[in-house]
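Visitor: here is the input, now give the coordinates:
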Amino acid sequence: MDQGSSIDILFKPAFDKLGLDERELKAYPDTLYGLGDMPIKPLGYITLHTTFEKGENSKTLSIDFIVVDVESAYNALIGRTTLNRLRTVVSTPHLCMKFSIHTGIATVRGDQKLARKCYNESLNLRGKGKEVHTIELGGVKAKEELRPQPGEKTEEVQIGKEDGKNTNIGASLDGDLRQRLIKLLRDNSDLFAWKVVKEQVQALLEADFIKEVKYPVWLANVVLVKKHHGKWRMCVDYTDLNKACPKDLDPLSSIDTLVDASSGYQYLSFMDA
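Guide: Numbering: from 1, shown residues only. Modelled structure (predicted):
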C-alpha cells in the first residue's frame, strides 16, 4: 500500500509469475516519474480483478495496473486512488489496513517478517541508486524543459557589493534599458536571499531532515519571510501543490477527540501523524 503513489503499479516479475501475456497489455502513453533517477516508460496497463482480504470480509475491485519493468522489492503498489475507492484507513506502525464492507469493517494485516525482508531489499536497491520515490503520472516534458528557460542569451552582472552576488540579465538589452535595469537590481540587492536560503538548506541537510530528489515536477518555490526581530525565515510556497492535490474524501470529523483519546499511548492508531 503506497499512499504516496497516484497510480497502481504491477512490476514485471510479478506480471510474469501471474502467467499473464504481454499481448494482453493495452498501450499507456504517459511517462512515470519517481521510480529511480530517470523517467520510466511503462510496458502498458492491464485491468485485473483484485480481491482484498478473504471470505465474507473480502472486497473485489477492478484495477488498472500499470506494468513497469524495473527492479523493486515489491510485487505491486496499490496507490491512493484505489485506497480511496476502498475507503481504507492505513496504519503503518501496525502493518494494518481497515476498510468498510457491507457487514462492517474488514481488517488486512501485514506480515512482519515479509515487511522486514522487503525493507532490507529496498535498502539494497537504494545503495545501487534505484530507490523508489513517490510515483506520479508523467505527461510532461524532459527534465531540462520543466524549468522555464530564457528566450535569448544572457549575461552575468554583479549587483551586490561583495564578489559572488551576481545575477543574469538579457544580453540583447539596449544600452539605456540595460543600465536602468542594473541600477534597479543594485538598488534592491538587499531583497536577494544571497546566503539565508543556503544556510538553512545546509542546516536541514546536516540534520538529515531533507534530501535531494530527482523528480522536479512538483517542486514548490522557496520564499523568505522577515521575522518580527528582523531576521529571515525560509518558507515553502505550497499554493500550486495544494491546488493539484486531491481532497480527502473521508476526513476525520472528530480529530480533537481522537487525539485526546490517543494521548499517552505509544502509537496513534490509524492516524497519519
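Visitor: tell me which element residue 120 is part of?
Guide: helix 112-127 (DSSP states H and E).
Visitor: got it, and residue 161?
Guide: Residue 161 belongs to no helix or strand, assigned by DSSP H and E.
Visitor: same deal with residue 229?
Guide: Counting by DSSP H and E, residue 229 is found in no helix or strand.
Visitor: repeat for residue 67
Guide: Under the criterion DSSP H and E, the helix or strand holding residue 67 is strand 59-68.
Visitor: partners of that strand, with directions?
Guide: strand 9-11 (parallel), strand 44-52 (antiparallel) (DSSP bridges).
Visitor: next one: the last one to chain centre, how far?
Guide: Put simply, strand 44-52 sits 24 Å off its chain's centre (CA atoms, centre = their mean, to the nearest Å).
Visitor: and stretch 213-231, by the same measure?
Guide: For stretch 213-231, the distance to the chain centre is 17 Å (CA atoms, centre = their mean).
Visitor: now the residue lying closest to residue 238 once chain neighbours are set aside: phi and psi?
Guide: With sequence-adjacent residues excluded and distances taken as CB to CB, 6 or more residues apart in numbering, residue 238 is closest to residue 220, at 5.2 Å. Backbone N, C-alpha and C define where each C-beta goes, glycine included. Dihedral pair for residue 220: phi -110, psi 150, per degrees, to the nearest 10.
Visitor: picking that back up, so which of the strands paired with strand 59-68 is the most packed in?
Guide: strand 9-11 (a mean of 25; mean count of other CB atoms under 10 Å).
Visitor: on the three-state scheme, residue 243 is what?
Guide: helix (DSSP: H, G, I helix; E, B strand; the rest coil).
Visitor: what's the local residue count around residue 198?
Guide: Using other CB atoms under 10 Å, residue 198 is surrounded by 11 other residues.
Visitor: show me where the chain has its helices.
Guide: With helices called from DSSP state H, the chain shows them at 12-17, 80-86, 112-127, 143-146, 175-187, 196-206, 239-244, 255-262.
Visitor: just the ones you listed: most buried one?
Guide: helix 80-86 comes out most buried of those by mean count of other CB under 10 Å, with a mean of 18.
Visitor: dump the C-alpha coordinates for it into CSV.
Guide: The C-alpha coordinates for helix 80-86 follow below in CSV (Å, rounded to 0.1, in the frame of the first residue of the first chain):
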residue,chain,number,x,y,z
ARG,A,80,-4.0,6.3,-3.1
THR,A,81,-6.7,6.3,-5.8
THR,A,82,-7.6,2.7,-5.2
LEU,A,83,-7.2,3.1,-1.4
ASN,A,84,-9.8,5.9,-1.6
ARG,A,85,-12.1,3.6,-3.6
LEU,A,86,-11.8,1.1,-0.9
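Visitor: can you tell me the average pLDDT over it?
Guide: Across helix 80-86, pLDDT averages out at 83.
Visitor: can you give me how far that helix is from the chain middle?
Guide: 17 Å.
Visitor: which elements pack onto that helix?
Guide: Judged by 3 or more CB pairs under 8 Å, 6 or more residues apart in numbering; DSSP states H and E, helix 80-86 is in contact with strand 59-68.
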